[in-house]
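Undergrad: kindly return the folded structure for what I paste below:
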Amino acid sequence: MLWVAALTGAMAQGAPQLKGSSNRQVIDAMTLEEKVRLLVGMGMRIPGMPPAQQPNGQGPVVGVTQDRVPGAAGTTAEFQRLGVPGLVVADGPAGLRISPTRPNESRTYYATAFPIASLLASSWDTELLYQTGAAMGSEVKAYGVDVILGPGMNIHRNALGGRNFEYYSEDPLLTGKMAAAMVNGIQSNGVGTSIKHFAANNHETNRNTINVRVGQRALREIYLRGFEIAVKESNPWTVMSSYNKINGTYTSESPDLLLRVLRDDWGYKGFVMTDWFGGMDPVAQVKAGNDLIMPGTPKQYDAILAAAQSGELSLAAIDANVNRILDIIRLSPSFAGQAPGNNPNHEAAAAIARRAAAEGMVLLKNEAAALPLTAGRQPAVFGIYAYDLISGGTGSGDVNEAYTISLTAGLQAAGLAPLASLQTAYEGYIKDEKAKHPKNRPFFMPPPVIPEMALTAAQVNEAARTSSVAIITLGRISGEFADRKTENDYYLSEAEKTMLRQVSEAFRAQGKKVIVVLNVGGVIETASWRDQADAILLAWLPGQEAGHAIADIISGRVNPSGKLPTTFAVRYEDDPTATGFPGREYGEEINLGFFKARPAEIDYTEGIYMGYRAFDKNGVEPAWPFGYGLSYTRFTYGAPAVSASRFKGSVTVSVTVTNSGNVAGREVAQLYLSAPRQQLDKPEQELKGFAKTRLLAPGESQTLSFTLDARALASFDEASSAWVAEKGQYEARVGASSRDIRGRVGFQLRKNLVVAKVSRALAME
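TA: This is a model prediction of the structure:
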């Protein structure tokens, strides 16, 4: 055995090392088997599933993933003889998702649960996103993870999307800017990100088989644009391809998407990995430039190796993928030999999570200054989610946090002690209901919904008599594998309607206010019941500091400044994407390893007209428009000014915003552009810029500026496969929301501009 060790050492000494050698030298020294091994992840074991039932019979390879960071999502292969370490990758978008417990250890390894992406986007504050990302990345590094699988940045195409909470907005500009700031913040720690799911992964139903039929213009302007912004402004280490097909081809097998668009058009230099068990043909994935197949199975390794040995798969394609992975390995903590300290600053992260949560909450209604509440008042708190608040969604977007602050705990800490008798009743009810739930629920699935507690007339009337105000919390949770439903989800359940009606009637009979808190991950219907509330606060899913952050708004400690990143419709049917969602099934079931699914297809017939663009075009009044949000103070806008009346490369629009109320606050000013309609159809207006003021004292002003370059004026012309700005008169609109325009200013483009020609790719079959 000694001679074997000596021979191995001699080989290692003679082999080039990644430190001190070029990628080319290392690649030339790798065997074909080693190259293929690097392109296929080291496997994973799904918690709670016996080995025989694991996907394709694949458990972890010698337990590598769990040996390094228990609960991580996967690892890449390592080659000690070449000095190539493996990477550890872990979920997820709202904080690091790893196991809090480890064998033979008494301590816990909790991570901070940050607010969901939709809430963060509601802040419209890129600096805040950077700081949140920096705190998240610090935990990623502390726990020995190289790449966090996020942020998620698919578009909120439809309100029922099961993972909308993981994503930022219905608008690609807001999505791209938020994601870029988050990526820059996370990667400032020397760890990587994986922006996902690339692309058009806008539904969970049949997500592994669905074919998205969508035009090139809608793809370029809506579904790819946010990714393009993030790639160019933050250079994420990795991109994760999505499960679905686009126009007949799986995204992970699409040279159009991964080579022509991502690399040729956008200049992306990092590597692409699949979503877990995504795609069908590993050889096609390698050819398409999907560099890493995750989590990896023996069958995938065997298929790629056989294709390479037969000549079906070129060595050049394999080497290109290996080269891109090696580039990122060089950036990683694992390559630097940094041992995990496993001691993140949870206190500092929690403080940022609390501040971010409060900054992103949206005050939808506040009649007769129902909010804020002064300390010392005793609210009667209704709704099970006030006592069992939802911090985040389920699935890979979940986090194993140490705690979640309930609303009642947050109110108590803010000097707003809830009515004790009601609290006792709710807490007992919730405990009894949870005792009825199965002890082990399926992996990644949300817990069973607890129905709202039935209230007696005596309970409500006594609360109305003894308490000064009512606070009602409504909750919703969703996650992977399933989209939401309209019944008892988008629309309120009968029990919720009854609770609202009972409480509203009793408290208003006493001349007292009713406040509704929405602890939700996505859009719900509000128009039919909002008159029963004096104030409505959209708290989203605010992370582990939820109760404190909500109480910060309710108590007035923080003046709300959030604005909606997505439109709230009056009725679900008002949204043109409601027709056909979430797609139609056909054919026989396909065996996908550990589950079966039927083929499915969906047509994005609305093209670029989704979200506020559709509501504007169709003349439909939303319940709450895109960009909308109230404050405890008032803001006035001066007349906007433009730097030039003629466009010559760029123009700058500026506006002065003044706090004309009595409370310090922040305002988000939004710039929309209305373009001339020549050869190309154009939306009524599109978001082209936004800026958030600093905290303005009463009477204080700040001038904000927005620069528009040629790309901001351009639309995608499918005929020429180019971004084109058409000549004519443009109107810049500055407003407090898409439906609250405060000023307009025009400028002219004298001739058509071809801003950029791009690959002719992703044509609809």
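Undergrad: neighbours around Trp266, how many?
TA: 17 (other C-beta atoms under 10 Å). C-beta coordinates here come from the backbone N, C-alpha and C atoms, glycine included.
Undergrad: burial measure for the closest residue to it other than its chain neighbours, as a count.
TA: Leaving aside its chain neighbours, Trp266 sits nearest to Val231 (5.0 Å; criterion: C-beta to C-beta, 6 or more residues apart in numbering). Using other C-beta under 10 Å, Val231 has 26 other residues around it.
Undergrad: find the centremost residue of the protein, please.
TA: The chain has Tyr167 as the residue nearest its centroid, 2.5 Å off, counting by C-alpha atoms, centre = their mean.
Undergrad: hmm, that one is touching Asn158, no?
TA: No: using C-beta atoms under 8 Å, Tyr167 is not in contact with Asn158, being 11.7 Å away.
Undergrad: this structure - how does it break down into domains?
TA: Split into domains by automatic domain parsing, the chain comes to 2-336, 354-564, 633-757.
Undergrad: for those domains, which one sits closest to Tyr604?
TA: Nearest to Tyr604, of all the domains of the chain, is domain 2-336, at 4.0 Å by C-beta to C-beta.
Undergrad: mind listing what Tyr109 touches?
TA: 70, 98-102, 143, 342 (C-beta atoms under 8 Å, 6 or more residues apart in numbering).
Undergrad: A strand includes it, no?
TA: No: secondary structure assignment (DSSP: H, G, I helix; E, B strand; the rest coil) places Tyr109 in coil, not in a strand.
Undergrad: now it: phi and psi?
TA: phi -120, psi 60 (degrees, to the nearest 10).
Undergrad: Leu120 too?
TA: phi -60, psi -40.
Undergrad: how about Asn184?
TA: According to degrees, to the nearest 10, Asn184 has phi -60, psi -40.
Undergrad: that one contacts Gly133, doesn't it?
TA: Yes: counting by C-beta under 8 Å, Asn184 does reach Gly133; the two are 6.7 Å apart.
Undergrad: out of those two, which sits in the busier spot?
TA: Gly133 (31 against 21).
Undergrad: which residues are in contact with that one?
TA: 181-188.
Undergrad: in whichever strand or helix holds Val754, what's buried?
TA: Using DSSP states H and E, Val754 sits in strand 753-757. For strand 753-757, a neighbour-count test (16 or more other C-beta atoms under 10 Å) marks 753, 755 as buried.
Undergrad: kindly export it (C-alpha atoms) in PDB.
TA: Extracted C-alpha coordinates of strand 753-757, given in PDB (Å, rounded to 0.1, in the frame of the first residue of the first chain):
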ATOM      1  CA  LEU A 753     -32.100  54.300 -34.500                       C
ATOM      2  CA  VAL A 754     -31.000  50.700 -34.700                       C
ATOM      3  CA  VAL A 755     -29.600  50.400 -31.100                       C
ATOM      4  CA  ALA A 756     -28.400  46.800 -31.200                       C
ATOM      5  CA  LYS A 757     -28.600  43.800 -33.600                       C
END
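Undergrad: what packs against that strand?
TA: Using 3 or more C-beta pairs under 8 Å, 6 or more residues apart in numbering; DSSP states H and E as the contact test, the elements touching strand 753-757 are helix 710-713, strand 722-725.
Undergrad: need the contact partners of the helix or strand following the first one.
TA: Going down the chain from helix 710-713, the next helix or strand is strand 715-717, by DSSP H and E. Strand 715-717 has contacts (C-beta under 8 Å, 6+ apart) with 216-217, 220-221, 675, 679-680, 682, 722-726.
Undergrad: ok, the residue nearest to the centre of the chain to Tyr672 distance?
TA: The spacing between Tyr167 and Tyr672, counted by C-beta to C-beta, to the nearest Å, is 22 Å.
Undergrad: what do you get for Tyr632?
TA: 25 Å.
Undergrad: quick one: low-confidence ranges for the stretch 1-150 of the chain?
TA: The model of the stretch 1-150 of the chain has pLDDT under 70 over residues 1-13, 45-66.
Undergrad: and the strands in it?
TA: 74-75, 88-91, 147-149 (DSSP state E, counting those that start in this stretch).
Undergrad: just the ones you listed: most buried one?
TA: Most buried of these by mean neighbour count (mean count of other C-beta atoms under 10 Å) is strand 147-149; its value is a mean of 31.
Undergrad: which other helices and strands does it contact?
TA: strand 88-91, helix 126-142, strand 192-198.
Undergrad: quick check: phi and psi on Gln309?
TA: phi -70, psi -30.
Undergrad: quick one on the thing from earlier: okay, Tyr632 and Tyr672: which has more neighbours?
TA: Using other C-beta under 10 Å as the criterion, Tyr632 and Tyr672 rank with Tyr672 on top: 25 against 20.
Undergrad: any idea how far that one is from Gly627?
TA: 9 Å.
Undergrad: find residues that contact each of those two.
TA: Common neighbours of Tyr672 and Gly627, using C-beta under 8 Å, 6+ apart, are 687, 735, 738.
Undergrad: and of those, the nearest to Gln502?
TA: So of the shared contacts of Tyr672 and Gly627, ranked by how close each gets to Gln502 (C-beta to C-beta), first place is Ser738, at 35.5 Å.
Undergrad: pretty sure the closest one sits against Gln685.
TA: Yes: checked against C-beta under 8 Å, the pair Ser738 and Gln685 is within contact range at 7.1 Å.
Undergrad: count the neighbours of the nearest residue to Tyr604 once chain neighbours are set aside for me.
TA: Leaving out its chain neighbours, the residue that sits closest to Tyr604 by C-beta to C-beta, 6+ apart is Val214, at 4.0 Å. Val214 sits with 24 neighbouring residues when counted by other C-beta under 10 Å.
Undergrad: I'd say Val214 and Leu224 touch.
TA: No: using C-beta under 8 Å, Val214 is not in contact with Leu224; the gap is 10.2 Å.
Undergrad: most tightly surrounded among the helices and strands packed on strand 753-757?
TA: Buried most deeply of the helices and strands packed on strand 753-757, by mean count of other C-beta under 10 Å, is strand 722-725, with a mean of 20.
Undergrad: alpha carbons of that strand, in PDB - could you do that?
TA: Once non-C-alpha atoms are left out, strand 722-725 reads as follows in PDB (Å, rounded to 0.1, in the frame of the first residue of the first chain):
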ATOM      1  CA  ALA A 722     -32.800  44.300 -33.500                       C
ATOM      2  CA  TRP A 723     -33.600  46.800 -30.800                       C
ATOM      3  CA  VAL A 724     -35.000  49.800 -32.600                       C
ATOM      4  CA  ALA A 725     -35.900  53.300 -31.400                       C
END
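Undergrad: what helices and strands are in contact with that strand?
TA: Looks like strand 722-725 contacts helix 710-713, strand 715-717, strand 753-757 (3+ C-beta pairs under 8 Å, 6+ apart).
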